[in-house]
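Asker: A structural model of the following input is requested.
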Amino acid sequence: MSSRRIGTGWAPYFFLGPFLAIFLIFGIFPILFSLYLMFHIWDPVQGLGSMEYVGLENITFALEDPLMWTSLENTIWLAVASGVPQHLVAIPLAYLINEYLGRYRDVAMGAYFVPYITSTVAISIMFTTLFSTDYGAVNAALQSLATWEPLALIVPAENIDWLGKPETVKPVLAFVVFWRYVGFNTILYVAALQSIPKDLYEAARIDGAKEFKIFWFITLPQLKPMMYFGVILSLIGGLQLFEEPFIITGGRGGPEYSGMTTAMYMYRTAFEFNDYGLASAISWLLFLVIAVLTWLTNRAFKPKGGLA
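Answerer: Presented below is the predicted three-dimensional model:
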């Protein structure tokens, strides 16, 4: 009887064993190894025996590298320029979908969710084509608008080299990221809106409240927990941007590295320059930036006078 009980007691661990083994090998070990590697110089071609301890040299070099700060500045700029509009558009859009589309609500939500599940490569190629200097649809549309006299002084008469100038690369990248993820945030806010008690809206309308006041004083406060969740996701995702800038700029970061993100810089350091120690240091510095900004966001969303 006792042996049977022991065997039954070990059953959960037996079934969890494969997951735990995979998690330890592909999750915990790479994190710990990168932390260890941060203090070493290593040429993987020569094997583990070529590791050389250098202390804080990799961290110091990363902090003194101008390209590191350029990439971090680009990353923060892209995170803000693409993340803030996502929520400014997604919240009122979710409100309109939830309140006025009725039986077409699911169709609209599905349509807005399509960019999120579409391949990053396909999206990047599509926008690279749209913003092409000579054959892009964006320049073609601007040229058509330039023929209209009221807009002739505003719209440029010549084609814009969207991906060839430092001042235009970042806005293009921010727009691509915004377009891809605004639908995802809209779905989050629609789900949150559906959880708000209808009694609050009915009571407000009985008291004569207008739609804007209902939205401002009832909807927005009730959405605050989901806003916090969405902003955190946008912040973490924005600071780890890699695929869209990498593909659109051809992996080089664009002119004058204006589209180089920190994740791209880390990738090139490791896989182009074979400096895995420095790449590990960059990754942990990026982690520190994400952790600090996440903490600040948490403080910003914390209720005034709430418990610490």
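
Asker: wait, doesn't residue 95 sit right on residue 196?
Answerer: No: using Cβ atoms under 8 Å, residue 95 is not in contact with residue 196; the gap is 10.5 Å. Heads up, the C-betas are built off the backbone N, CA and C, glycines and all.

Asker: higher neighbour count, these two?
Answerer: A count of neighbours by other Cβ atoms under 10 Å puts residue 95 above the other of residue 95 and residue 196, at 20 against 15.

Asker: Which helix or strand contains the more buried one?
Answerer: Element membership for residue 95 (DSSP states H and E) is helix 66-100.

Asker: any idea of the mean pLDDT in the helix or strand that that helix is followed by?
Answerer: Toward the C-terminus, helix 66-100 is succeeded by helix 105-117 as the next helix or strand (DSSP H and E). Average pLDDT, helix 105-117: 91.

Asker: just stretch 165-183 next, same as before
Answerer: For stretch 165-183, mean pLDDT is 93.

Asker: pretty sure residue 301 contacts residue 230?
Answerer: No: using Cβ under 8 Å as the test, residue 301 is too far from residue 230 to be in contact (10.8 Å).

Asker: For the two, work out which one has more neighbours and name it.
Answerer: Neighbour count, other Cβ under 10 Å: between residue 301 and residue 230, residue 230 has more, with 23 against 14.

Asker: residue contacts, that one?
Answerer: 87, 90, 185, 188-189 (Cβ atoms under 8 Å, 6 or more residues apart in numbering).

Asker: For residue 247, see how far away it is.
Answerer: Distance, residue 230 to residue 247, by Cβ to Cβ, to the nearest Å: 25 Å.

Asker: ok, residue 276 touching residue 48?
Answerer: No: the pair residue 276 / residue 48 is not scored as a contact, 11.5 Å apart, by Cβ under 8 Å.

Asker: which residues are common contacts for these two?
Answerer: Here residue 276 and residue 48 share the contacting residues residue 42, scored by Cβ under 8 Å, 6+ apart.

Asker: quick one: which of those two has more around it?
Answerer: residue 276 (22 against 7).

Asker: Only alpha carbons, please: show stretch 200-220 as PDB.
Answerer: Extracted C-alpha coordinates of stretch 200-220, given in PDB (Å, rounded to 0.1, in the frame of the first residue of the first chain):
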ATOM      1  CA  LEU A 200     -23.300  52.200 -14.700                       C
ATOM      2  CA  TYR A 201     -24.100  53.400 -18.200                       C
ATOM      3  CA  GLU A 202     -27.900  53.200 -17.600                       C
ATOM      4  CA  ALA A 203     -27.600  55.200 -14.400                       C
ATOM      5  CA  ALA A 204     -25.500  57.900 -16.100                       C
ATOM      6  CA  ARG A 205     -27.900  58.200 -19.000                       C
ATOM      7  CA  ILE A 206     -30.900  58.400 -16.700                       C
ATOM      8  CA  ASP A 207     -29.100  61.300 -14.900                       C
ATOM      9  CA  GLY A 208     -28.700  63.000 -18.200                       C
ATOM     10  CA  ALA A 209     -25.000  62.500 -18.800                       C
ATOM     11  CA  LYS A 210     -23.800  63.100 -22.300                       C
ATOM     12  CA  GLU A 211     -21.800  60.400 -24.200                       C
ATOM     13  CA  PHE A 212     -18.500  62.200 -23.800                       C
ATOM     14  CA  LYS A 213     -18.900  62.500 -20.000                       C
ATOM     15  CA  ILE A 214     -19.900  58.800 -19.800                       C
ATOM     16  CA  PHE A 215     -16.800  57.900 -21.700                       C
ATOM     17  CA  TRP A 216     -14.500  60.200 -19.600                       C
ATOM     18  CA  PHE A 217     -15.900  59.500 -16.100                       C
ATOM     19  CA  ILE A 218     -17.000  55.900 -16.400                       C
ATOM     20  CA  THR A 219     -15.300  54.100 -19.300                       C
ATOM     21  CA  LEU A 220     -11.800  55.400 -18.900                       C
END
